[in-house]
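Trainee: Sequence first, then the predicted structure:
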Amino acid sequence: MSGATLLKESGPKEVFCGLTSIVWLHRRMPDAFFLVVGSRTCAHLIQSAAGVMIFAEPRFGTAILEERDLAGLADAHDELNRVVKNLLARRPEIKTLFLVGSCPSEVIKIDLSRVAENLNIELKGQVTVLNYSGSGIETTFTQGEDGALKALIPLMPKSNQKKLLLVGTLANAVEDRLISIFNRLGIDNVESFPPRQSTELPSIGQETKVLLTQPYLTDTARELKSRGAEIIEAPFPLGVTGSTLWVQAAANSFDIEKSLVDSILNPLISRAKQALAPHVEKLSGKKLFLLPESQLEIPLARFLSNECGMEIVEIGTPYLNRDLMKAEIDLLPPDCRIVEGQHVEKQLDRVRDSSPDLVVCGMGLANPLEAEGISTKWSIEMVFSPIHGIDQASDLAELFSRPLRRHDILNPTKTLTSN
Amino acid sequence: MELTLWTYEGPPHIGAMRIATSMKKLHYVLHAPQGDTYADLLFTMIERRGSRPPVTYTTFQARDLGGDTAELVKGHIKEAVDRFTPEALLVGESCTAELIQDQPGSLAKGMGFDIPIVSLELPAYSKKENWGGSETFYQIVRTLLKDHSKESKQTWQEEKRRPRINLLGPTLLGFRCRDDVLEIQKLLGQYGIDVNVVAPLGASPADIMRIPNADVNVCLYPEIAESTCIWLERNLNIPFTTTVPLGVGATQDFLKELHEVLEMEIPQSVNESNNSKLTWYSNSVDSNYLTGKRVFIFGDGTHALAAARIANEELGFKVVGLGTYSREMARKVRPAAKALGLEALITNDYLEVEDAIKETSPELVLGTQMERHSAKRLGIPCAVISTPMHVQDVPARYSPQMGWEGANVIFDDWVHPLMMGLEEHLIGMFKHDFEFVDGHQSHLGHLGGKGNQNTNKDNIKTNLQDSGTTDGDPVWTHEGEKELSKIPFFVRGKVRKNTENYARQAGCREINEETLYDAKAHYKA
């Protein structure tokens, strides 16, 4: 590893729980429904994070536990059965139903896997019922996707077909673009997981090579490995360098000639660098502080420091998987401070002390920091925006240069530069 | 277990957070897992607050559950008190912590702090946000004032001073509370009445201690302040007013009630009709077209009740539906609905509300942001009158609902979504011209314009099919459909339904031009 300093911190945290990932997962798989088994708090969290009102009927909901459900567990299982059947009768288009565990369902130990198993027997394959936990006592924000994907893996058919499997939710347009680049390299059999339809799961086996698109898929990667797949080691496809190394790693693994790879990627790289230039001008020399939330903090810091010239004050990360992050940490500038976990008060003290030009943070903290004159960027935007790949590098940089540009427009006399 | 796709109210600890964040120099330690920290964004994004809610979440994890979570709670309490040095501390738990029974309130009380500690027990599996807000405010007031002397104090007349009152109930994430407080303060100032304390919004624990200095409590939002007002009346002999000054009539009644409770003479100016422009605007000739407009009302108890009165008495609308998501207010909403010849809709299920809207085919919906979305899908104009809050409900401009200016705002907000009278007349005259796009409504950009010209018609058609067309139903002839299409779209759905009902009763298999007129005559008779 490079000279990055790894620190741990504990205390009050300010992060979303894994339930939040339903917000993008349900869009990825329009034939799936996510039913949280939880409390009114869970329902309120998801609707607050997702702007639910735009849907006539959203494809996610909460089976809200009531006092009588807490009294006897057998009843809770029966009740859940009843709620699921009502839901499926109302929404016949659902092909896959995810029962999502929450903090209260975990604490009172509702056995969602048993409920799912019984329902699968009763429903005889009309609907597949799966379960995973998105509870905040076990998972953080993007980890919810890790759980949902892990639950799907046992359903993936076995095959010994040689293929490249892209794992992690991407924006559809970005996914198409990345697949076409691999096709040009001569890798024809490229599939994605999660698929766009929950019923069209890719097959998996010894000849499957997995390229992770997102850094938060610890359990998924482990399970895919146990199904025989090989996980290609690479940094994540954010920024020009990260995306180039990511594609190259796959190409190496498929024994594609380096000259072919270069001939295809080099024009993309030089075009992307050109598009990046105006943003680099804005970002270069500016101080960046990343609060922990999405797990994308380390790859983002690597891109913003190496390619955009930003000075990294601190990289917060909810948890650190050293294996998956190894390639990323190796690329970080020396003496980078990575803090795993959080004590939100102490961390905000450090933010104020270091007077950064830009802070990447959760939605709850952004306006209070803005009110103190510190520009911010919502970390949740990174999981909704098409930011992956060489072609998207300038769009990714733009997400960070825009708040600085705006600050300068609104405060023409005050300069934000910290030097 | 209840399937919920969307909920009007959050859990009770969100109500507690609304109180804590509304107040100053107060801190709330909430025993809760990390996901519950989402609640901060309600305040920093919806209300656009430039400061974090004064809340410390213990953010316990699964691995803590095996060990001593009580010690973890105490650690967070100590750190919060040291760091924020509040005048009083709220301690409570959210749904998950309620299950592990650490009793953080008792723990805090045993830690030897010299500040008042308010321990909150908010049953998360049976109660909701407004109840939690009400209970929290009540517990704060009770804890801080329980040792206050009950001896009767001197009246304002005896002390030869201006009368003073407390404004109780306004909170963050309450509907237009910020501006209502300003409007009511201004109104009372005109009648020589001073405001002693506004709470919870902007009050510190020290301000709460000054509540007994007032002669009367004004209960602005019963959802939040009624139980506190009752306690203050019983224990400290402070009477309170029950009329909520929403609308012209209610503002007049409020002023009369307050003058009576204060034993002041009621000035004539209270009854003057030019205090608010609503009265004249409603009398002006342009408003003729408002007569009998069918309006569906749904919201929190206070705003739904007020809307029904304003709609019925001050704007001449016909209320065709009235309901609330607030079960605590059901006993007030039911008789109000009955008086209008309706059965109140008491539900937390927005799909049930949407069905009721379809069923009554109103011309205007007054509801929450959710009803705004439902109404949009149905092509019906809508104005928002109640929480739950949306960033749009925190306008930059001064926009109260209460008092004279509030009535002005209400007139504009409710009438603008409807077509202006003259405009409606012109559309009637010119709708057969080729330039005219069916479904034109100047205020509904998304429904006007060529691309969407069939939206309304199709919506209404589909809705009617949804509501159960069977094989034995009468069939529309081409002539019947053609005649129906000449009817303005905003009543077309209702005419279609009425005509079908009539045809069914009359045993017609087909609906032609004549059936339509027969039905019209039948329903007018």
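Mentor: Received the coordinates, thanks. As the structure is a prediction and not an experimental result, all values here were calculated from the model.
Trainee: Am I right that B:Asp147 sits in a strand?
Mentor: No. Assigned with DSSP: H, G, I helix; E, B strand; the rest coil, B:Asp147 falls outside any strand and is coil.
Trainee: ok, it to chain A distance?
Mentor: Distance, B:Asp147 to chain A, by Cβ to the nearest Cβ, to the nearest Å: 33 Å. Backbone N, C-alpha and C define where each C-beta goes, glycine included.
Trainee: ok, now B:Ile346?
Mentor: Taking Cβ to the nearest Cβ as the criterion, B:Ile346 is separated from chain A by 17 Å.
Trainee: Which parts of the stretch 1-150 of chain A are strands?
Mentor: A:5-9, A:32-38, A:60-64, A:96-101, A:128-133 (DSSP state E, counting those that start in this stretch).
Trainee: Please identify which of those is closest to A:His407.
Mentor: Closest approach to A:His407 among the strands of the stretch 1-150 of chain A (Cβ to Cβ): strand A:5-9, 28.7 Å.
Trainee: ok, is that closest one in contact with chain B or not?
Mentor: No. Judged by Cβ under 8 Å from any Cβ of the partner chain, strand A:5-9 and chain B are separated, with a smallest distance of 12.4 Å.
Trainee: How about stretch A:354-370?
Mentor: Yes. Against chain B, stretch A:354-370 shows contacts by Cβ under 8 Å from any Cβ at A:Gly362, A:Met363, A:Gly364, A:Leu365, A:Ala366, A:Asn367, A:Pro368, A:Glu370.
Trainee: Quick one: the strands of the stretch 1-150 of chain A as TSV, columns for mean neighbour count too.
Mentor: Listed next are the strands of the stretch 1-150 of chain A as TSV, based on neighbours: other Cβ atoms under 10 Å in any protein chain shown:
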stretch	mean neighbour count
strand A:5-9	13
strand A:32-38	26
strand A:60-64	26
strand A:96-101	26
strand A:128-133	23
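Trainee: Return the set of buried residues in the helix or strand harbouring A:Ser243.
Mentor: Following DSSP states H and E, one finds A:Ser243 within helix A:239-253. Under the neighbour-count criterion of 16 or more other Cβ atoms under 10 Å in any protein chain shown, helix A:239-253 has A:239-251, A:253 buried.
Trainee: residues making contact with it?
Mentor: With contacts defined as Cβ atoms under 8 Å, 6 or more residues apart in numbering or on different chains, helix A:239-253 is touched by A:164, A:181-182, A:185, A:187, A:209, A:211, A:230, A:232-237, A:258, A:261, A:265, A:269, A:272-273, A:276, A:299, A:302-303, A:306-307, A:327-328, A:331, A:388-390, A:392-393, A:396.
Trainee: Quick one: distance of that helix to the chain centre.
Mentor: A distance of 19 Å separates the centroid of the chain from that of helix A:239-253, by Cα atoms, centre = their mean, to the nearest Å.
Trainee: and what of stretch A:62-76?
Mentor: The answer for stretch A:62-76 is 31 Å, by Cα atoms, centre = their mean.
Trainee: Any stretches of the chain with poor pLDDT?
Mentor: You didn't say which chain, so I picked chain A. A:1-2, A:51-56, A:73-74, A:414-419 (pLDDT under 70).
Trainee: please go with chain B instead
Mentor: Low-confidence segments of chain B (pLDDT under 70): B:419-472, B:489-490, B:525.
Trainee: Tell me how far the residue nearest the centre of it lies from B:Gly247.
Mentor: With distances taken as Cα atoms, centre = their mean, B:Ser386 lies nearest the centre of chain B, 2.6 Å away. From B:Ser386 over to B:Gly247 the distance is 14 Å, taken as Cβ to Cβ, to the nearest Å.
Trainee: residues near the nearest residue to B:Lys109 once chain neighbours are set aside, how many?
Mentor: Nearest residue to B:Lys109, sequence neighbours excluded (Cβ to Cβ, 6 or more residues apart in numbering or on different chains): B:Ile117, at 5.3 Å. B:Ile117 has 20 neighbours, counted by other Cβ atoms under 10 Å in any protein chain shown.
Trainee: Tabulate the residues of stretch A:354-370 next to chain B in CSV, adding columns for secondary structure and neighbour count.
Mentor: Putting the residues of stretch A:354-370 next to chain B into CSV (DSSP: H, G, I helix; E, B strand; the rest coil; neighbours: other Cβ atoms under 10 Å in any protein chain shown) gives the following:
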residue, secondary structure, neighbour count
A:Gly362, coil, 24
A:Met363, helix, 21
A:Gly364, helix, 22
A:Leu365, helix, 25
A:Ala366, helix, 25
A:Asn367, helix, 21
A:Pro368, helix, 20
A:Glu370, helix, 17
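Trainee: Quick check: of those, which lies closest to A:Val313?
Mentor: For these, the residue nearest A:Val313 by Cβ to Cβ is A:Leu365; the value is 15.5 Å.
Trainee: Verify the contact between the closest one and B:Asp40 for me.
Mentor: Yes. Here A:Leu365 reaches B:Asp40: they are 7.2 Å apart, a contact under Cβ atoms under 8 Å.
Trainee: which residues are common contacts for those two?
Mentor: With Cβ under 8 Å, 6+ apart as the test, A:Leu365 and B:Asp40 both reach A:Glu14, B:Arg52.
Trainee: the inter-axis angle of the longest helix anywhere in chain A versus helix A:239-253?
Mentor: Ranked by number of residues, the top helix in chain A under DSSP state H is helix A:258-283. Per axes from the mean of the first three to the mean of the last three Cα atoms, to 10 degrees, the angle that helix A:258-283 makes with helix A:239-253 is 160 degrees.
Trainee: what distance separates the following helix or strand past helix A:258-283 from the middle of the whole chain?
Mentor: Once the chain leaves helix A:258-283, the next helix or strand it forms, by DSSP H and E, is strand A:287-290. Distance, stretch centre to chain centre, for strand A:287-290: 20 Å (Cα atoms, centre = their mean).
Trainee: I'm done for today, thanks for sticking with me.
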